[in-house]
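Peer 1: Next input, structure requested:
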Amino acid sequence: MKSNRHSESSSASPAKKRHRRTEEELIQALQAKISMLERRKQMRAVKKDPTLKLADKLVRALKRAESEFQSMGRLDLANSAKAAAISVSAAIHAG
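Peer 2: The predicted structure is shown next:
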């Protein structure tokens, strides 16, 4: 009545072969990681710079205002707030 889990699990599932990534796949994964790290570095620079920090707060405030305007049914103001947030955000990331 004693069950042997090790023998049951190995007989229940067939042996799977390990998939090894090709050199191209490894290069692509590393390039994706590099771009992620560069974006993180840029975001840290934004957090350190006082003017960019204020601009980031402005973008968040505009996004909050957009959602409030949408909930109030004022789509004209929501669209204006969204456009302003996009333009400020583009200015932050362009510079």
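Peer 1: which residues in this structure form helices?
Peer 2: 5-12, 23-48, 50-72, 75-94 (DSSP state H).
Peer 1: where does the chain have low pLDDT?
Peer 2: Counting by pLDDT under 70, the chain shows low-confidence ranges at 1-13, 95.
Peer 1: Residue nearest the middle of it, spatially speaking?
Peer 2: Per C-alpha atoms, centre = their mean, the C-alpha nearest to the average position across the chain is that of M36, at 9.2 Å.
Peer 1: what about that one, distance to A29?
Peer 2: 11 Å (C-beta to C-beta, to the nearest Å). Quick note: C-beta positions are derived from backbone N, CA and C, even for glycine.
Peer 1: For stretch 59-68, which outside residues touch it?
Peer 2: With contact meaning C-beta atoms under 8 Å, 6 or more residues apart in numbering, stretch 59-68 is reached by L77, A78, A81, K82, A84, A85, V88, S89, I92.
Peer 1: Who wins on neighbours among these?
Peer 2: Among these, A81 has the most neighbours (other C-beta atoms under 10 Å), with 21 neighbours.
Peer 1: Give the closest residue to that one in space, chain neighbours not counted.
Peer 2: E66 (4.1 Å; C-beta to C-beta, 6 or more residues apart in numbering).
Peer 1: Over to L58?
Peer 2: Sequence neighbours aside, V88 is the residue nearest to L58 in space, at 5.7 Å (criterion: C-beta to C-beta, 6+ apart).
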